[in-house]
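In: please find the sequence and the predicted model below.
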Amino acid sequence: MFFTILFAMLLNPIRSVEGTPTYQEEYRAASYVPQYYNSWRGLQVIAPNTPYVAAAGPDSLYFIDTRYNNETAAHIKEQIEWAMLPNKDEHFFIDEIAATASVRKADTKEVVFEFDPPFARVFFARFMNKQNPSLQLPEHEDGGDWIVNYNIGSLFKERDILACSDHGCNSASDCTPHNCDSCHHARVDNECEHPTVNAVGACKNKKKKCNKAFVDPARLSGETDAAYYARLDALHWGAEADE
């Protein structure tokens, strides 16, 4: 759904530890309930105050190997959170020739954050490869045990009904009406990326309130995919689902 991360390959240039990773298990326990706030794109999990846990999406925390020292872990956390938590007045500028990336203000083009190249080549591998196939960057699988997802009452499950890359953009907020999460700029082209978890943009643009979270009902016996998804749309969006 969001950027996939696999740091076993990413961190080879700076890796100083070997073997099985260890995590701050107190934040991974079933009893741990993370805090949230209402961001511009909807509910957003807050990472605990430690360099070893980063916010990795609206409902996800990424756990960093505790065998890294505090400085290295804090650096990793910073890179993750800049990539995973876009601001609505900013976009990602991705140089698909140099394979680098930065965060820029949408109106002034001011660079507010520069990703370290090894991180950029993981976070934005799919986009870079699309713009410049000769790069052939590995597109990693999901984070596995490094990622923990929390159920914060999302309004619908991601389905193949929306292709964010069909929409151009100038800032992350341009992607909100399409239920997408961030804006990627390259040298020539740009596009929205990553379907949002709770579709808060659709609610705002249809002048609906997203105060109540729904639990998707079970599929009825013999119900087709089309009928099931139409029923979910009617539940979440009401009469406007077919527009």
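Out: Sure thing, it's come through. Residues are numbered from 1 along each chain as shown.
In: how about the strands of this structure, start to end?
Out: 36-39, 42-45, 53-55, 60-63, 90-95, 100-105, 111-114, 147-149, 180-185, 190-195 (DSSP state E).
In: how about TSV for those strands, with mean neighbour count and mean pLDDT added?
Out: For every residue, glycine as well, the C-beta is placed using N, CA and C. TSV is the format used below for these (neighbours: other C-beta atoms under 10 Å; pLDDT from 0 to 100):
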stretch	mean neighbour count	mean pLDDT
strand 36-39	12	86
strand 42-45	21	85
strand 53-55	24	95
strand 60-63	23	93
strand 90-95	22	96
strand 100-105	19	96
strand 111-114	13	97
strand 147-149	17	87
strand 180-185	26	89
strand 190-195	22	86
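In: quick one: closest of these to residue 29.
Out: Closest to residue 29 of the strands of the chain is strand 147-149 (C-beta to C-beta; 10.0 Å).
In: quick check: which helices or strands does that closest one pack against?
Out: strand 60-63 (3 or more C-beta pairs under 8 Å, 6 or more residues apart in numbering; DSSP states H and E).
In: the strand it packs on - contacts with which helices or strands?
Out: Using 3+ C-beta pairs under 8 Å, 6+ apart: strand 60-63 touches strand 53-55, helix 70-84, strand 147-149.
In: now do 7 Å
Out: If contacts are counted by 3 or more C-beta pairs under 7 Å, 6 or more residues apart in numbering; DSSP states H and E, strand 60-63 sits against strand 53-55, strand 147-149.
In: what are the pairing partners of the last one, and which direction each?
Out: Listed by DSSP bridges, the sheet partners of strand 147-149 and their directions read strand 60-63 (antiparallel).
In: that older thread, tabulate the strands of the chain in JSON lines, adding columns for distance to residue 70.
Out: Below are the strands of the chain laid out as JSON lines (distance: least, C-beta to C-beta, whole Å):
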{"stretch": "strand 36-39", "distance to residue 70": "25"}
{"stretch": "strand 42-45", "distance to residue 70": "22"}
{"stretch": "strand 53-55", "distance to residue 70": "13"}
{"stretch": "strand 60-63", "distance to residue 70": "15"}
{"stretch": "strand 90-95", "distance to residue 70": "27"}
{"stretch": "strand 100-105", "distance to residue 70": "24"}
{"stretch": "strand 111-114", "distance to residue 70": "21"}
{"stretch": "strand 147-149", "distance to residue 70": "21"}
{"stretch": "strand 180-185", "distance to residue 70": "29"}
{"stretch": "strand 190-195", "distance to residue 70": "30"}
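In: so can I have a markdown table of the helices and strands packed on strand 60-63 showing distance to residue 104?
Out: Shown next, in a markdown table, are the helices and strands packed on strand 60-63 (distance: least, C-beta to C-beta, whole Å):
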| stretch | distance to residue 104 |
| --- | --- |
| strand 53-55 | 21 |
| strand 147-149 | 27 |
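In: which among those is found nearest to residue 105?
Out: strand 53-55 (21.4 Å).
In: all set, thanks.
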